[in-house]
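[1] My questions concern the predicted model and sequence given below.
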Amino acid sequence: MELDLTLIWALLIATAVFLYVAMDGFDLGLGILFPAVRGKAERDVMVNSVAPVWDGNETWLVLGGGGLFAVFPLAYATILPALYMPLILMLLALVFRGVAFEMRFRMVTPRGQLWWDRAFSWGSYVAAFCQGIALGAFVQGIRIEGRAYAGGWWDWLTPFSLITGLSLVVGYGLLGACWLIWKTSGELQIRAYRLAKPLAIATLLLIALISATMLAVSVPFRDRWLGLPGMLIGAPVPILVGLLAWRFAHALERREEISPFLCALGIFLLSYIGLGISMWPHIVPPSVTIWQAATHPKSQAFLLYGAAVLIPLVLAYTAYVYWLFRGKVTADAGYH
């Protein structure tokens, strides 16, 4: 049986995108939570908790974007023009945030520290919001004529994309709060517990709102989820989300430390799987499939050899760094 290289590459890129969302999500979430934490010492602990891993987390964004460019050039050539503005703003915000991450530790005056803290938080909000807007515009569909983007410059800006932008900000805030529960202690951990519950409720409500909106406005989405056999395939997703939400609430009540973070990641994963079920087999909804957008099979095979070496190395390095810096982060654990 011949391997479907296009399907393998689609799964690899989808996995890279999810790993970015999961890993950089809690990272961005810390910046989103900065306004809720006023003390310099507590903010330093928040930043120190991701200092060893934050730049490595963004490796998966590069891998996902590079893989899309190399393996699915038609998708790259249509998605990028449709989403230039939110994606450019997202990248600028990530750069701005990265500079602020380093500079906030170099400031010797309280005023300078305050402004770089604000820059770190603002960059986190803008990056997360633009990612959500891009996701919403992508899910709504991209207009194509022939093999080129046929939409307008502002097609990405819709009420639905604004809702998905808000949803991702709230969801990343939830991941950030759960990360702090796991990695910190004392008053900061208590505050994270308090933040996690309302953020989880808001995240679940926004997921429900987005799902209901798509059912109402998208005929293919409605047919996929309410018709057969799509209903049977997709039914476990909302059921498992409900179970994870119950387990999350139970973990907060019992003051568990790792379980809330794992449950939040599980909700993100199930939402991502639900998105995949809704879109399959399109890589540019609603008209371009992964096979139509793919490059030549020989090119895919050649690139897969490189990925077979690179991806295990990145995974091994990432796992080692997270293992090396395991445990709680305290106020005396400085960043240099």
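    Now that the structure is in, tell me what you want to look at.
[2] residues in contact with Val169?
    Counting by CB atoms under 8 Å, 6 or more residues apart in numbering, Val169 touches Ile32, Tyr125, Ala128, Phe129, Gly132. Any C-beta I mention is one placed from the backbone N, CA and C, and that applies to glycine too.
[3] what about the strands in the stretch 151-300 of the chain?
    When secondary structure is read from DSSP state E, counting those that start in this stretch, the stretch 151-300 of the chain shows strands at 282-284, 288-289.
[4] in the stretch 1-150 of the chain, which spans are strands?
    Taking DSSP E, counting those that start in this stretch as the test, the strands found in the stretch 1-150 of the chain are 144-145, 148-149.
[5] Need the contact partners of the first one.
    Pointing back at strand 144-145 there. Taking CB under 8 Å, 6+ apart as the rule, strand 144-145 contacts Thr78, Ala150, Val284, Ser287, Val288.
[6] Drop anything exposed from those residues.
    Thr78, Val284, Val288 (16 or more other CB atoms under 10 Å).
[7] Sheet-wise, list the partners of the lowest-mean-pLDDT helix or strand in the chain with their directions.
    Each helix and strand of the chain was given a mean pLDDT (mean pLDDT, DSSP states H and E); the minimum falls on strand 148-149 at a mean of 77. When pairs are called by DSSP bridges, strand 148-149 turns out to pair with strand 144-145 (antiparallel).
[8] hmm, back to that, from the contacts of strand 144-145, which has minimum pLDDT?
    Least confident entry in these, by pLDDT: Ala150, with 75.
[9] these two touch, right, that one and Ala82?
    No. Look at Ala150 against Ala82 with CB atoms under 8 Å: they stay out of range, at 9.5 Å.
[10] list residues touching both of these two?
    Counting by CB under 8 Å, 6+ apart, the common neighbours of Ala150 and Ala82 are Arg143.
[11] Quick one: the helices in the stretch 201-336 of the chain, in order.
    Using DSSP state H, counting those that start in this stretch, the helices of the stretch 201-336 of the chain run over residues 219-226, 230-234, 236-253, 259-279, 290-293, 297-324.
[12] So which of those is nearest Leu199?
    helix 259-279 (9.0 Å; CB to CB).
[13] Direction-wise, compare that closest one with helix 236-253 and give the angle.
    Between the direction of helix 259-279 and that of helix 236-253, the angle (axes from the mean of the first three to the mean of the last three CA atoms, to 10 degrees) works out to 170 degrees.
[14] Just the closest of the contacts of strand 144-145 to Leu199, please.
    Leu199 has its nearest neighbour among the contacts of strand 144-145 in Val284, at 32.1 Å by CB to CB.
[15] I'd like to know how far that closest one sits from Gln140.
    When distances are taken as CB to CB, to the nearest Å, Val284 and Gln140 turn out to be 12 Å apart.
[16] ok, and what's touching stretch 19-34?
    Outside stretch 19-34, the residues within contact range by CB under 8 Å, 6+ apart are 43, 46-47, 49-50, 53-54, 57-58, 60-61, 64, 97, 117, 120-121, 123-125, 127-128, 169, 171-180, 192, 195, 261, 265, 268-269, 272, 318.
[17] Give me the local confidence score for Gly327.
    Per-residue confidence (pLDDT) for Gly327: 84.
[18] For it, grab the count of nearby residues.
    Gly327: 8 surrounding residues under other CB atoms under 10 Å.
[19] who's in contact with Glu42?
    Residues near Glu42 by CB under 8 Å, 6+ apart: Glu187, Leu188, Arg191.
[20] any idea how far the closest residue to the first one other than its chain neighbours lies from Val169?
    The spatial neighbour of Glu187 that comes closest, neighbours along the chain excluded (CB to CB, 6 or more residues apart in numbering), is Glu42 at 7.2 Å. In this structure, Glu42 and Val169 are separated by 21 Å, where distance is defined by CB to CB.
[21] Likewise for Met103?
    Met103 is 23 Å from Val169, by CB to CB.
[22] Next: Ile311.
    Shown here: Ile311 relative to Val169, a distance of 29 Å by CB to CB.
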